[in-house]
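Colleague: Mind looking at a prediction? Sequence and model below.
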Amino acid sequence: MIRKPLRPLALVLEARAAGRNPGDIERENIRARHEQARDASRTRAESRLLVLIFAFISLFALVAVRMGALAISDPVEHQTSYSGPSIIAQRGNIVDRQGRILATNLDTYSLYATPQSMIEPELAAEGLAAIFPELDEQELLKLFTGKRKFLWVKKKLSPEQKQAVHDLGEPGLKFGPREVRLYPNGSLASHVLGGASFGREDVAAAEVVGVAGIEKEFDSFLRNPANGGQDLALTLDLSIQSAVEEVLRGGMTLMNAKGAAGILLDANTGEIVSLVSLPDFDPNDRPAPPTKGNPADSPLFNRAVQGVYELGSTFKIFAAAQALEMGLVTPDTMVDIRGPLTWGKFRIKDFKDYGAELSVHDIIRKSSNIGSARLALQIGAEKQQEFLKSLGFFEQTSVEMVEAKGGKPKYPADWTELSTITISYGHGLSVTPMHLAAGYATLVNGGFKVTPTLVKQDFYERGPRIVSPETSRQTREMLRSVVKDGTATFGNVPGYAVAGKTGTADKAIETGGGYYEDRVISTFASAFPAYDPQYVLVVTLDEPELSTGIEPKRTAGWTAVPIAAEIITRVAPLLGLRPEIEPVTQAGVTTSSN
Amino acid sequence: MKIIVYAAIFMMVIAQGFWAYTENYETQKSLKTAKQLQTEIAAARTQMGVLNAEWAYLNRPDRLRDLVDMNFDRLRLLPLRPEQFGQVAEVPRNGVLADDFIERVTVSVLEVEE
């Protein structure tokens, strides 16, 4: 830039010649220069302002546009990363101990109708009645031509049925996706599984909720999406359950019993390998609960964990074991069994006269009521209660089924001497067969308390010690002798050294007031193999009657025992137990087992 | 000198912008693939559920038992019995059974049956 001089010589000379002050020229030039500079800076400031205005307007416009875009767009979950496997909202499967499916889900459809969008209600009604024989054409037509705007036609459709309905081509018939619970094995283990039905229902989906059994007990676990559809593994074994059920069903028919229950329990861990209650039902089509009659006669009733019965002589072993544990007797101690034993107005007799005295061992072997009563009297009411309580006979079992809470034992509020006597041989105290199985497992496994469970775990905690290993061993020997040459000789299974105790108890009249003459509950509680019990099996028959002989036989030795023996023959090989030659009993040598 | 630095920074900004742009689209593509895979997995899972259910249904003990009964002539299948447990000695060595084997097994079976 060419700078203009503040005092140009030409003008200074001119001013001097004219006699003017040359300083004025300089001032004038400075002023002009200042003005120029001011103008320049003003222009610059103005342009900066313009830029700023533009910048702010653009930024605000951007914000406004973004806000507008957000306001008019549909909300979308912002996904910046892949979140691993998606949440599986399906109800978890129930599987057996080997992972075989007991309950699973199946995608299917429900059928509903919107009558106002129907074109030909008559044809639709006719078509539906042809596809579903249980639907009535006239009734459907009445519904389709009535005032209703929405109605369910079928809750579950099979794929074939869906296609058939689809082929009707009626726009007023619509399908809603449904997930249904499927029990592929039908009635097998029905009491354990229980069943499921729909909870809250909508056109698009319906919630599946457990209504009974393990489905209800573990409903929140199975439904919890956080579990990612994780399987619930049970301790049941499908093939063993099936074998037990088959044998028990056959036996029940043969013995003309109206019901039966079978429990196979791991004697050490308390795992329930099989739990059967007959009659049973199909959980895919669970019958409605009975509204009249005795609920215990309904197929829904679980005799194994819900039914409380006086289980008779099977209880004698508890009296004997306690007497041994307390050191009151040894298996060889002779006990006076002269009868009848009179207590107040009650007279206690044995099944037949066994003579003047029997050893404790023989009291169990021959099942002497008087002998057990004498043992119980030695023990005393208080100690007896304590012992039975420690075995869990005073409260419901903790089996993981809602029904188990209904199996509350019945025991006398006032535990008199007479109660002590009758309870020693299994009358006056009602428990479920599950209680009995757990009690037997505790006695034979070396003396550790067993808590029956249906849920497979990696590790089972050993319960507290109830009886000493020595008492447990003596108990096993006594129980073994019952099968060898006592009341349960039909229970002998070669190679498996079955030990057990029979029990035949008259049924109490439901309305109260005494016992039936000709109705019994016959039970066989057993453990095998006797020298190192792995499993406990309890078989209970409700009102069995074997009418092959001259007079009908109802005792457990004739009814429950052969069935139990057949079950053991069938399932022991399946359980992987190899038949073994029984070791000779070594008197006085203490053997321990875990 | 300054101009070179400015030019370098400018180029870097452009390059980073380009990188961010491609990265964005790559991510979106991956997310899309993941979503698609998930849909496929869900479909496969449903199918697997149906197949598992069908397998369990076809293998239900009742049906197998009926099939065994129906085909007894050909298969001759019977429930597993305790007698069917063998011993190591029963396995023929070089196709020949040990001499004293048959006697021993017979004795042990007799003992078991007592």
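Modeller: Yep, it's here.

Colleague: Which positions in chain B make contact with chain A?
Modeller: By C-beta under 8 Å from any C-beta of the partner chain, the part of chain B that sits against chain A consists of B:27, B:30-31, B:34, B:38, B:41-42, B:45-46, B:49-50, B:52-53, B:55-57, B:59-62, B:65, B:79-85, B:108, B:111-114. Yep, even glycine has a C-beta here, placed from its N, CA and C like the rest.

Colleague: now those residues: which count as buried?
Modeller: The neighbour-count criterion (16 or more other C-beta atoms under 10 Å in any protein chain shown) marks B:34, B:49-50, B:52-53, B:56-57, B:60-61, B:80, B:82, B:85, B:108, B:112 among the residues of chain B next to chain A as buried.

Colleague: Burial check on residue A:361, number of neighbours?
Modeller: Close neighbours of residue A:361, defined as other C-beta atoms under 10 Å in any protein chain shown, add up to 20.

Colleague: any idea whether it is helix, strand or coil?
Modeller: helix (DSSP: H, G, I helix; E, B strand; the rest coil).

Colleague: And it, how far from chain B?
Modeller: For residue A:361, the distance to chain B equals 22 Å [C-beta to the nearest C-beta, to the nearest Å].

Colleague: How about residue A:576?
Modeller: In terms of C-beta to the nearest C-beta, residue A:576 sits 10 Å off from chain B.

Colleague: So that residue: helix, strand or coil?
Modeller: Residue A:576 ends up coil, using three-state DSSP.

Colleague: likewise the one 4 residues further on?
Modeller: State at residue A:580, reduced to three classes by three-state DSSP: coil.

Colleague: Report the separation between it and residue A:343.
Modeller: Distance, residue A:580 to residue A:343, by C-beta to C-beta, to the nearest Å: 45 Å.

Colleague: before we move on, what about residue A:556?
Modeller: Applying C-beta to C-beta to residue A:556 and residue A:343 gives a distance of 25 Å.

Colleague: neighbour-wise, which of these two wins?
Modeller: Each of residue A:556 and residue A:343 has its neighbours counted (other C-beta under 10 Å); residue A:556 has more, 35 against 16.

Colleague: For the more buried one, grab phi and psi.
Modeller: With angles defined as degrees, to the nearest 10, residue A:556 sits at phi -60, psi -40.

Colleague: now it: how far from residue A:503?
Modeller: Applying C-beta to C-beta, the value for residue A:556 to residue A:503 is 6 Å.

Colleague: Which neighbours do the two have in common?
Modeller: A:312-313, A:522-524 (C-beta atoms under 8 Å, 6 or more residues apart in numbering or on different chains).

Colleague: Mark which of those are part of strands, please.
Modeller: A:522-524 (DSSP state E).

Colleague: Let me know the closest of those to chain B.
Modeller: Nearest to chain B among those, counting by C-beta to the nearest C-beta, is residue A:524 at 19.0 Å.

Colleague: so which two of the buried ones among the residues of chain B next to chain A are the farthest from each other?
Modeller: Among those, the pair separated by the greatest distance (C-beta to C-beta) is B:34 and B:108, at 63.6 Å.

Colleague: Determine the longest helix present in the chain.
Modeller: The chain I'm using is chain A. helix A:22-72 (DSSP state H).

Colleague: that's the other chain; I wanted chain B
Modeller: Chain B, longest helix under DSSP H: helix B:2-58.

Colleague: what's in contact with the helix or strand following it?
Modeller: Note on helix B:2-58: by DSSP states H and E, the next helix or strand toward the C-terminus is helix B:61-70. The contact list for helix B:61-70 (C-beta under 8 Å, 6+ apart) reads A:185-186, A:188, A:238-239, A:242, A:246, B:57, B:75, B:77.

Colleague: Which one of those residues is nearest to residue A:491?
Modeller: Out of the contacts of helix B:61-70, the member with the shortest distance to residue A:491 (by C-beta to C-beta) is residue A:246, at 18.8 Å.

Colleague: quick check: angle from the helix or strand where the closest one lies to helix B:2-58?
Modeller: Under the criterion of DSSP H and E, residue A:246 resides in helix A:238-254. Calculated by axes from the mean of the first three to the mean of the last three C-alpha atoms, to 10 degrees, helix A:238-254 forms an angle of 20 degrees with helix B:2-58.

Colleague: Please name the residues that touch the residue positioned nearest the centre of chain A.
Modeller: The centroid of chain A falls nearest to residue A:214 when counting by C-alpha atoms, centre = their mean (2.1 Å). For residue A:214, the contacting residues are A:94, A:192-194, A:232, A:234, A:400-401, A:454, by C-beta under 8 Å, 6+ apart.
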